[in-house]
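In: prediction below, plus the sequence it came from.
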Number of protein chains: 2
Amino acid sequence: MTPETITSPSTRDKLVEAAMELFYFQGYEGTSIADILHRAGVNSGSLYYFFRGKEDLLLGVLQKYKELLYQEVIDPAFAKTNDPIERIFALLDNYRHGLQFTHFTGGCPIGNLALELRETHEEARRLIAENFDGWRDAVRKTLDDAAGRFPPHVDREQLATFILTVMEGGVMQARAHGSIEPFDACVRQLRTYFNLLLGDQAPQKERA
Amino acid sequence: MTPETITSPSTRDKLVEAAMELFYFQGYEGTSIADILHRAGVNSGSLYYFFRGKEDLLLGVLQKYKELLYQEVIDPAFAKTNDPIERIFALLDNYRHGLQFTHFTGGCPIGNLALELRETHEEARRLIAENFDGWRDAVRKTLDDAAGRFPPHVDREQLATFILTVMEGGVMQARAHGSIEPFDACVRQLRTYFNLLLGDQAPQKERA
DNA sequence: GTCTATAACTTGATAGAC
DNA sequence: GTCTATCAAGTTATAGAC
């Protein structure tokens, strides 16, 4: 909303960023307000000046994730190739690198919260769904760019949902096993599926 | 190990069962020892007689899930049909019913814990991986029963990993959206994949 | 094996000065 | 907007009687 100047981050931003990182690596319940205050270098009074409480801060975090989707997730992946289909696999490859970089402790921050938060956090659940919607829409758009290459019966919206599932399920198993192998297995299966859908009978490319 | 007689559950079993349910619906961090004691109808002293603490109780829960895999998950699903491929979809359909029955708060207890627990719970992470291994092995076995129907290049172990991913990712999105639709979308895509793999060009069956 | 009482600490949140 | 001090409740875990 406000123009992005190069000023140092506001106190509110510091709190959101600290909470974002800590919720990511420790979970929502596993992170205390004291943790967040310490990491942000901010005092209790300031937090409760900007937010009603921990849950309200969570909403700020989820809103921030929505705003950062293209800048941090979609654009860097799609910049790697102009082929709409390969953009999907470039996106998945970025999650692969994220997993390895964090030694399988990271993965997808939204997915983590999706399974941790319950009906007691109704507004948070809605924002999580909106984050998924944004991701899925970006993927569906690039599938639309390749529309002519798919058989007519293919439901690209449904396929985009499926791709999100493959990413999240692959991340989950990689984390559980502390190994990239299950993630790679899933991406290879998705590649086979695409090859079959696109009528490409050539041997599977080694990408993952 | 000990023969399963029809005696009332031991105090230890009561604790494990209470923790299993509460971890499922509230998460590990979201469940207090006091919650567990109250639900089990057991006093603090007994818990610490049987377990070193909360984390040790978690290990008991994950061990119990391993023991219950066939009895509670695999056998009921596979009893529904003798066709090896349809057994996969029967299994997925049972998760679908679980989601609807719990109004999208349930899903997969192992998946929930897989994303909540971090490297601070190394032994728990190992048991989660073993739970996934058991599920995937059961699915791979039924894929093996249909081995002749797949093209020779299909890696059935990898395909089983993929099926687990589809289940977990579908559950995650269904929970986030509070709707069965994303889960159904994923199962339909998996059905299309199977049809293509098996060379079945008939229109997709409506199952999910 | 089970009971009660409680220690030692952390939690989310607030009050009120500046 | 930011600070410190602090509250009331909840946290895991233990001690010691029975």
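Out: Cool, the structure landed.

In: dump the residue contacts of the residue in chain A that DNA strand D sits nearest to.
Out: Minimum separation of chain A from DNA strand D (Cβ to the nearest atom of the strand) falls at A:Gly45, amounting to 1.6 Å. Every residue, glycine included, has its C-beta placed from N, CA and C. Shown here is A:Gly45, which makes no contacts under the criterion Cβ atoms under 8 Å, 6 or more residues apart in numbering or on different chains.

In: what do you get if the cut-off is 10 Å, keeping everything else the same?
Out: With contact set as Cβ atoms under 10 Å, 6 or more residues apart in numbering or on different chains, A:Gly45 has these partners: A:Leu37.

In: quick one, phi psi at it?
Out: Dihedral angles of A:Gly45 (phi, psi; degrees, to the nearest 10) stand at phi -60, psi -40.

In: go on, A:Val154?
Out: Dihedral angles (degrees, to the nearest 10) for A:Val154: phi -70, psi 130.

In: if you average pLDDT over stretch A:64-84, what comes out?
Out: Taken as a whole, stretch A:64-84 has a mean pLDDT of 98.

In: hang on, the earlier thing: for the residue of chain A closest to DNA strand D, give me the pLDDT.
Out: pLDDT, A:Gly45: 97.

In: my guess is A:Met167 contacts A:Thr161, does it?
Out: No. Taking contacts as Cβ atoms under 10 Å, A:Met167 lies outside contact range of A:Thr161: 11.0 Å.

In: overlap in contacts, those two.
Out: In terms of Cβ under 10 Å, 6+ apart, A:Met167 and A:Thr161 are both contacted by the residues A:Val139, B:Gly169.

In: pull up the per-residue confidence for A:Asn203.
Out: Rather than Asn, residue A:203 is Pro. For A:Pro203, the pLDDT comes out at 43.

In: show me what from chain A comes close to DNA strand D.
Out: Contact residues, chain A versus DNA strand D (Cβ under 7 Å from any atom of the strand): A:Ser10, A:Thr11, A:Val42, A:Asn43, A:Ser44, A:Gly45, A:Ser46, A:Tyr49, A:Phe50.

In: mind giving me the PyMOL select for those, buried ones only?
Out: Applying 16 or more other Cβ atoms under 10 Å in any protein chain shown to the residues of chain A next to DNA strand D, the buried members can be selected in PyMOL as follows:
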select buried, chain A and resi 42+50
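
In: let me see the mean pLDDT of stretch A:166-180.
Out: Mean pLDDT, stretch A:166-180: 98.
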